[in-house]
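Student: Need coordinates for the below:
(one chain, ligands or ions: 1)
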Amino acid sequence: MSLAELRTHYSTQVNPEEIGDEKVSLAGWVHEVRDLGGICFVVLRDRDGRAQVTLVKKKIDRELFNFARKLIRESIISVTGTVKPEAKAPNGYELIPETIELLNEAESPLPMDTTGKVDAELDTRLDSRYMDLRREKSHAVFRIRHEVLNAVRTFLSNNGFLETSTPKVVATATEGGTALFPITYFDREAFLNQSPQLFKQILMSGGMDRVFEIGPIFRAEEHDTRRHLNEATSIDIEASFMDHFDVMEILEEMVAFVYTEVKKNAAQFLEDLEIDLQVPKTPFLKLPYSEAIEIVNANTDEKLTWGDDLSTLAEHTIGQHVFDKTGEEHYFIIDWPSEIKPFYALPYENDPEISKSFDMMHRTMELSSGAQRVHQHDLLKTRIENQGLDPDGFEFYLKTFRYGMPPHAGWGIGCERLVMTMLGAENIRDVVLFPRDRKRLSP
Ligand code: AMO
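Tutor: As a prediction, this is how the structure comes out:
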């Protein structure tokens, strides 16, 4: 027998009306054993749900009954039997076993509660993530993340974007300001990439026209906050013959599509998390940076001037202001000072102090940033120099601007922040399987 035959169905696939006398095999974890003397219930849990295995002492083989009573929680079993409708049991049926095969017994006591009845600290949960994932609420988060990425792929593919993968081991920085993780690459120093930025732009010169990438980015940021990771997942796009407004439209439509798909395809998991998801309305408000700092100055003690970055307090203040006015959590801050945006952001021709750039915000934090890019070689070289970087290190990138580079634009959105804000998670680590932060390198 092949191992796949240990299971004919997932627990949620069994319909007692349709199945009749047909034999059913389920495989999974022993979630709970309730021994009431004359009757014993074993709750089997698999990835998609639960099933009640019912053993009535008088009606069943004595040996099987005694075996079931002694099953240790979280052991792996395969149960074969017939089903009976039972309104009070999960999925509306109970499984009357003919055989129960113990495939791998769990040790006892368990390192962590998996029923969700006992609250555990985030750190404890992350230390034993394999146990934590067996909790309904933790599992739900990653089912939703799966739907998010599925929807992103569908949306971008349907809009003509090609999926690409670019190197994570690189020789240069792109996002000045945030530090790099150095690594040893044979006899040279290399770094873990902060963003696919340079590569996705090179692909525009290569005629790929519209590309996207979903991949890891590495940021050696020292701060330990609830919304920063040192390894994150970035969803990046780059598109030729588009300006910043064109790609903002793609971004807001994508976010609305993702919410709609999650609502449709992950309804059960939203329910497990007690979330009533509201699909954001498009188009999102586009607030110029100059107005954004006025809002901060009018409502807080901060006195921001042109060229200042936005603090967390500033972001919260603007987010609340927009929410009070529009009832929407998503909005853009556009037209940032050129001096605080990376070298690749294109300044307006008639007012070079301002760049064709944007951040897409959620009420409490930045979700994405993007821009129309500098596509003129000489201007790009000057901007690299002006930011104190050495253009020689960028030669592989710069030269692609000399032989036919179309005007283009793009953005990057953090997958974890997208999921975090969608679910109202307190801490970004909640929505990452194995977070990498200042303190955490294992598991
Ligand atoms: P930026 O540096 O703003 O832009 O990053 C884009 C988005 O990626 C997410 N992100 C992070 N999430 C968690 N922890 C971090 N340390 C972290 N750093 C970034 C955020 C952020 O908004 N090359 C540009 C994008 C572009 O212009 O196309 C870039 O990397 O959600």
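
Student: which stretches of this structure form helices?
Tutor: With helices called from DSSP state H, the chain shows them at 16-19, 62-69, 122-127, 129-132, 136-158, 197-205, 244-265, 267-272, 289-299, 312-326, 377-386, 395-398, 415-423.

Student: So what's the residue count around residue 103?
Tutor: Neighbours of residue 103 under the rule other CB atoms under 10 Å: 12. To be clear about C-beta, it is placed using only N, CA and C from the backbone, and glycine gets the same treatment.

Student: so what's it closest to, chain neighbours aside?
Tutor: residue 76 (4.4 Å; CB to CB, 6 or more residues apart in numbering).

Student: And residue 86, by the same measure?
Tutor: The nearest residue in space to residue 86 (CB to CB, 6+ apart) is residue 94, at 4.2 Å.

Student: ditto for residue 421
Tutor: Residue 421 sits nearest to residue 362 (CB to CB, 6+ apart), 4.2 Å away.

Student: cool, and residue 102?
Tutor: Residue 102 sits nearest to residue 77 (CB to CB, 6+ apart), 5.7 Å away.

Student: close enough to count as contact, that neighbour and residue 67?
Tutor: No. Counting by CB atoms under 8 Å, residue 77 sits too far from residue 67 to count as a contact (10.2 Å).

Student: Rebuild the helices of the chain as TSV, extending it with mean pLDDT.
Tutor: Shown next, in TSV, are those (pLDDT from 0 to 100):
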stretch	mean pLDDT
helix 16-19	92
helix 62-69	98
helix 122-127	96
helix 129-132	97
helix 136-158	98
helix 197-205	98
helix 244-265	98
helix 267-272	97
helix 289-299	98
helix 312-326	97
helix 377-386	96
helix 395-398	96
helix 415-423	98
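
Student: can you redo those helices as TSV with mean neighbour count and distance to residue 431?
Tutor: Compiled in TSV, the helices of the chain are given as follows (neighbours: other CB atoms under 10 Å; distance: least, CB to CB, whole Å):
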stretch	mean neighbour count	distance to residue 431
helix 16-19	13	36
helix 62-69	14	37
helix 122-127	15	11
helix 129-132	16	12
helix 136-158	18	5
helix 197-205	22	24
helix 244-265	19	13
helix 267-272	16	13
helix 289-299	17	27
helix 312-326	16	19
helix 377-386	16	35
helix 395-398	15	32
helix 415-423	23	4
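
Student: how about the ones you listed in CSV, adding distance to residue 29?
Tutor: As requested, the helices of the chain are exported to CSV (distance: least, CB to CB, whole Å):
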stretch, distance to residue 29
helix 16-19, 22
helix 62-69, 14
helix 122-127, 18
helix 129-132, 11
helix 136-158, 12
helix 197-205, 42
helix 244-265, 25
helix 267-272, 17
helix 289-299, 50
helix 312-326, 41
helix 377-386, 55
helix 395-398, 50
helix 415-423, 25
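
Student: who does the residue nearest to residue 102 bridge with?
Tutor: Each beta-bridge partner of residue 77 is listed here, defined by DSSP bridges: residue 28, residue 102.

Student: contacting residues for it?
Tutor: 27-30, 42, 44, 71, 100-103 (CB atoms under 8 Å, 6 or more residues apart in numbering).

Student: For the ligand, see how far away the residue nearest to residue 103 is.
Tutor: 35 Å (CB to the nearest ligand atom, to the nearest Å).

Student: Measure how buried residue 344 is and give me the count.
Tutor: 22.

Student: Isn't it up against residue 374?
Tutor: Yes. Using CB under 8 Å, residue 344 is in contact with residue 374, at 5.8 Å.

Student: hey, what's in contact with both of the two?
Tutor: 380, 383.

Student: before we move on, the earlier item: residue 40 versus the residue nearest to residue 86, what's the distance?
Tutor: 12 Å (CB to CB, to the nearest Å).

Student: which neighbours do the two share?
Tutor: residue 54.

Student: Show me which residues of the protein are close to the ligand?
Tutor: Within reach of the ligand by CB under 6 Å from any ligand atom, the chain has these residues: 175, 195, 197, 219, 221, 228-229, 232, 234, 236, 366-371, 410-414, 416-417.
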